[in-house]
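Asker: Here is a sequence with its predicted model. Questions after.
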Amino acid sequence: MALPNEKELLLEVSRGNENAFSELFGVYHRLLGSHIFRITDSVELTEEVVQDVFLKIWINRETLTSVDNFKAYLFVVSKNHALNCLRKLAKERAYETSLDNNVLNLITDETSPTNDYYQLLDMAIDHLPPQQQKVYLLSRHDRLKYDEIAAHMGLSRETVKKYLQGATHSITSFVQSYGNISALIVLASIFF
C-alpha cells in the first residue's frame, strides 16, 4: 500500500529534504526489516541491510523522481543487497572452513613438513648421550619436574638442569646442521 502523498514525499527527498526522508524512513523501515529478516534470518544482518539500503536511497535521492512504486523499488533493492551480503558471508565462511581444513590436513598428513620436523627431532634425541637422553625424555615426554627426575635417576637437581641444558643445546645444533629454520620454530615451541 502506497502512501497517499508518496510521489510528493519522494520529490521532497530527491530535493534533499531531510524531514521528508525521515518520514519515508519512519513509514518503511519496520516493514523493510520484516521483509529482510525473512531472507537473512539474522537480526544483525537485517539491521545492516536496512541501514545500507536507506543510506543508498539518500545518496542516490535524485533518482527517486523516476520511481513509480516506492515499496516495490525498496523491496527489490533491499532483497538484492541482502542476497549480496549473504553471498559475501557464505564466501567468508567457506574461506574460513578451507583454512581450518588446510591446517587440519597439515597436522594429520603423514608427509607433512611438521612430521619431517618431528622425525628430525627424534633423530636429534637419538644422538644424545644416554643420561641426557633419559633426562630429556623424562622432562619433555613424561612431564616430570627437575626434582622428580633427580629422585627417579638418583641425580642432583643441578645435574638434571645441566643435562637438560646440554640436551637442548645439542638438539638445536643438530637441527641447525640441517639448516631447517622451520624445524627450529617447532623446536622452540616444544622447548618453551
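Answerer: Everything's here; your move.

Asker: sec struct for residue 143, please.
Answerer: Under DSSP: H, G, I helix; E, B strand; the rest coil, the three-state class of residue 143 is coil.

Asker: Run a quick neighbour tally on it.
Answerer: 8 (other CB atoms under 10 Å). Heads up, the C-betas are built off the backbone N, CA and C, glycines and all.

Asker: Which pLDDT value belongs to it?
Answerer: pLDDT recorded at residue 143 is 85.

Asker: How about residue 13?
Answerer: As predicted, residue 13 sits at a pLDDT of 92.

Asker: Can you name the residues that contact residue 128?
Answerer: Residue 128 is in contact with 136, 167, 170, 171, counting by CB atoms under 8 Å, 6 or more residues apart in numbering.

Asker: meant to ask about residue 148
Answerer: Going by CB under 8 Å, 6+ apart, the list of residues near residue 148 reads residue 138.

Asker: Also the one 4 residues further on?
Answerer: Contact analysis of residue 152 by CB under 8 Å, 6+ apart lists 138, 144.

Asker: Name the residues of the host helix or strand of it that come out as buried.
Answerer: Per DSSP states H and E, residue 152 falls inside helix 146-153. By 16 or more other CB atoms under 10 Å, the buried positions in helix 146-153 come out as 146, 149, 150, 153.

Asker: separation between the second one and residue 124?
Answerer: This points to residue 149. Distance, residue 149 to residue 124, using CB to CB, to the nearest Å: 19 Å.

Asker: what do you get for residue 62?
Answerer: Taking CB to CB, one finds residue 62 at 72 Å from residue 124.

Asker: Which one of those two is surrounded by more residues?
Answerer: The neighbour count for residue 62 versus residue 124, taken as other CB under 10 Å, is higher for residue 124 (21 against 11).

Asker: In contact with the residue nearest to residue 11 when sequence neighbours are not counted, which residues?
Answerer: Spatial nearest neighbour of residue 11, chain neighbours left out: residue 65 (6.1 Å); criterion: CB to CB, 6 or more residues apart in numbering. Contacts for residue 65 (CB under 8 Å, 6+ apart) come out as 10, 11, 14.

Asker: Distance of residue 65 relative to residue 14?
Answerer: Taken as CB to CB, the span from residue 65 to residue 14 is 5 Å.
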